[in-house]
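In: Structure for this input, please:
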Amino acid sequence: MQMGMSGGQAPPMEKRSPKDTRKIIARLSNFVFRWKKICAVLIVTILLTIVCKLAVPILVQTAINCLIYRNSETFTQDITRIMIALIVVFILNSVIEYIKNISAMKLSENLSLVMRRDLFERIIHAPLSYLDTNNYGDIMSRLTNDSQRVSTVAQVLEQFISTFVMIIGCAVIMLMKNWQLALISIATAILTTIISAIISGKMRSYFMRQTMALGAMNGHIEESMKNFRTMEMAGTTDYTSEKMVAKSEEYTNVCIKSSMFSGIINPIMLVLGNVSFMVTVVVGGHYAIEDVITIGVLQAVIMYSKQFMDAVYSLGNVLIQVQSFLASAERVFEVIDIKIEDKGTASKLVKQGEEEKAADVPEKGVAFKDVTFSYDGKTNVVKNVTIEFSGGKTAALVGATGAGKTTLTNLLLKFYDNYSGDIYIDGKNLTDYSLADTRDMITVVLQDSKLIEGTIMDNILYGTRDVSEEDVKSLIEKMEVSSLIEGLPDGLDTETNDDDETISEGMRQIIGLARAIIKKPRILILDEALSAVDSETETRVRKNIFNIIKDATVLIIAHRLNMTEDIDQIVVMKDGSVVETGNYTQLIEAKGEYYRLITSQKEGKEI
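Out: A predicted model of the protein is given here:
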């Protein structure tokens, strides 16, 4: 029994604990501190800008005292030195601010680059089970919106350090100047911080709902745009529009609620800050009149009080931003925690070329031995399947919808590995092959062939190695589809993409088939690969490709049963089990399930 792969799933938001938050912050720190030099420059410049800002009130205090309590002999020199010092501090602060901003930008962009790269790598290497159970639009939202929001951690870090150090610096200097006035600002700051912490603590759940609602809305938009033609033909545009309006309204409502909570902090802090400033001025003025402090000290304390409250005010906003990017970081890390498919190693620890071959399976070909599989762990869609497909032969899998035909090919391709039993390729257990080797051996051609942006030649050569354009031209001739290709505006040089409606479905399937054959696979799986091609062309092309790859094992998932007469082996499936095997003549004479299916199809009935 092979253990299945599953994506890393985060606990629901309401179950998050402070410990979980610390883990997320720790992981973000690991990302940020990959660029130690940039972080060091950022931190140093932050501290230097704080020093410059804290120096200004002291210089202003000295200037005011110099004006009020002037010494006529040294006044001009004293005031000149103070003015020069202020100008130097202002210029120095501007230069350091520039370096700080550049450092924060570099850190942010580098973080964004790595975040997008890691996310994309995880997504494209995710097991099919993850992609099957997650909305593409939501995944795209994590890749774009959430990763971009997380990249703002550099700015948030800069603001947090700046405000925190400024608060400490202002508090210490104010206590040194006059502890009574300092306590007024400190008490206000403590009260403001408590209120901000309470409100911001409730914000994270709203930000999480906001990001989830955005993902759901983006998913619906992507699905609608992708299936626009189907909606038009089915007449469901109004329904789709109503659904979009509902999702948009849900997103809007969540945004409004989160904005209402975040908007409460600013007015509260503004009122408390103004009250603190008023009390400081009144009490400080009284102390100045009583000669407890000088006018210069009063002005310095007022300036420090203003800087102090601005820093506290900024800290409240930073806490809101922290909750926002923590919510996004959680969604990003859910994707990064996906257990990706290991393409480089086999599941079993065996040495290359020394795997034991099973004695009762064909040397060349594919064999399923007592294979049972369930997608959800409850209902078996494949039940005790035992069947062999010989190398160099053609085989057709037939049966009603849901019989388990496509599931067998999914297991063969290692899309899922939580099956019981054994699967063999060329006498070796599937688990003895690495994922990369498995995908190299097997090529699948689906009914819906996708085109990449480029020429027809580019599409056929897509994903190939050591294949020339001459090889493609030779293959086209052997498949006897040269006239169809030449019928395109520029032949093999015709530019196209997946949205190009000038390329017919039949031509897309021929291009997809050529793309598969040019790789010379050991196993070729055709899932209604020529269903959009006329019967005469399909018969000719199939006959030619069987000759081109005559040493390969060809598995055909067939729905048009009249096209299975020339197949070497026909396997009939029903309800996840193999019920009949044989060639066309044998199965017709047996008058079993295959006979019933082909008779029903000839009569125009559903099978």
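
In: shaky segments in the stretch 51-200 of the chain?
Out: With pLDDT under 70 as the threshold, the stretch 51-200 of the chain has low-confidence stretches at 72, 128-129, 131-133, 135-137, 193, 196-197, 199-200.

In: With the stretch 351-500 of the chain instead?
Out: Along the stretch 351-500 of the chain, the parts satisfying pLDDT under 70 run over 351-362.

In: Now do the strands in it.
Out: Using DSSP state E, counting those that start in this stretch, the strands of the stretch 351-500 of the chain run over 365-374, 380-390, 394-398, 419-425, 428-429, 442-445, 454-455, 495-496.

In: So which of those strands is the most surrounded?
Out: For those, the stretch with the most neighbours on average is strand 394-398, a mean of 24; neighbours defined as mean count of other Cβ atoms under 10 Å. No exception for glycine: its C-beta is placed from N, CA and C like everyone else's.

In: Give me the angle between that strand and strand 380-390.
Out: For strand 394-398 and strand 380-390, the angle between their directions (axes from the mean of the first three to the mean of the last three Cα atoms, to 10 degrees) works out to 160 degrees.

In: Give me the sheet partners of strand 394-398 and which way each runs.
Out: For strand 394-398, the paired strands and their directions (DSSP bridges) are strand 553-557 (parallel), strand 569-574 (parallel).

In: next one: the first one to chain centre, how far?
Out: Pointing back at strand 553-557 there. Its chain's average C-alpha position is 34 Å from that of strand 553-557, according to Cα atoms, centre = their mean, to the nearest Å.

In: ok, residues contacting it?
Out: For strand 553-557, contacts defined as Cβ atoms under 8 Å, 6 or more residues apart in numbering pick out 364-366, 389-397, 405-406, 409, 522-528, 546, 564, 567.

In: Can you give me the distance of Pro521 to Val153?
Out: Per Cβ to Cβ, to the nearest Å, Pro521 is found 46 Å from Val153.

In: ok, now Asn30?
Out: Taken as Cβ to Cβ, the spacing of Asn30 relative to Val153 amounts to 12 Å.

In: more neighbours, these two?
Out: For Asn30 against Val153, the residue with the higher neighbour count under other Cβ atoms under 10 Å is Val153, and the figures read 26 against 9.

In: which ones are touching the more buried one?
Out: With Cβ under 8 Å, 6+ apart as the criterion, the residues that contact Val153 are Leu28, Phe31, Val32, Ser108, Leu111, Phe325, Ala329.

In: Of the residues you listed, which belong to helices?
Out: Secondary structure from DSSP state H places Leu28, Phe31, Val32, Ser108, Leu111, Phe325, Ala329 of the contacts of Val153 in helices.

In: What is the most widely separated pair among these?
Out: The largest separation in those, counting by Cβ to Cβ, is between Ser108 and Ala329 at 14.1 Å.

In: related to what we said a few turns ago, now, which of the contacts of Val153 sits nearest Met441?
Out: Nearest to Met441 among the contacts of Val153 is Phe31, at 37.6 Å by Cβ to Cβ.

In: can you pull the contacts of the residue nearest to the closest one when sequence neighbours are not counted?
Out: With Cβ to Cβ, 6 or more residues apart in numbering as the criterion, Phe31 has its nearest non-adjacent residue at 6.0 Å, and that residue is Leu111. For Leu111, the contacting residues are Phe31, Val32, Val150, Ser151, Val153, Ala154, by Cβ under 8 Å, 6+ apart.

In: Identify all contacting residues around the one helix or strand Leu513 maps to.
Out: In this structure, Leu513 is located in helix 505-517 according to DSSP states H and E. With contact meaning Cβ under 8 Å, 6+ apart, helix 505-517 is reached by 443-451, 456, 459-464, 472, 475-476, 479, 481, 484-485, 488, 503, 524, 526, 529-534, 537, 541, 545, 548-549.

In: Is it possible to get TSV of the contacts of Leu111 that adds distance to Cys170?
Out: Formatted as TSV, these follow (distance: Cβ to Cβ, whole Å):
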residue	distance to Cys170
Phe31	31
Val32	27
Val150	31
Ser151	30
Val153	25
Ala154	24
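
In: now, among the residues you listed, which is nearest to Asp376?
Out: The nearest one, if we look at the contacts of Leu111 relative to Asp376 and count by Cβ to Cβ, is Val150, at 32.7 Å.

In: count of residues packed around the closest one?
Out: 27.

In: tell me which residues of the helix or strand following the helix holding Leu513 are tucked away?
Out: Tracing the chain C-terminally past helix 505-517 and defining elements by DSSP H and E, one meets strand 523-527 next. Along strand 523-527, these residues count as buried under the neighbour rule (16 or more other Cβ atoms under 10 Å): Ile523, Leu524, Ile525, Leu526, Asp527.

In: Chain neighbours aside, what residue packs nearest to the fourth one?
Out: Going back to what we said before, that points to Leu526. Ranked by Cβ to Cβ, 6+ apart and with sequence neighbours excluded, the top spatial neighbour of Leu526 is Ile556, at 4.7 Å.

In: For that neighbour, which residues count as its bridge partners?
Out: Partner residues in beta bridges with Ile556, using DSSP bridges, are Ala396, Leu526.

In: ok, it - how many residues close by?
Out: As a burial measure, Ile556 scores 24 neighbours (other Cβ under 10 Å).

In: ditto for Tyr304
Out: 28.

In: Reformat the strands paired with strand 394-398 as TSV; add mean pLDDT and distance to Ser224.
Out: Conversion of the strands paired with strand 394-398 to TSV gives the following (pLDDT from 0 to 100; distance: least, Cβ to Cβ, whole Å):
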stretch	mean pLDDT	distance to Ser224
strand 553-557	89	30
strand 569-574	91	35
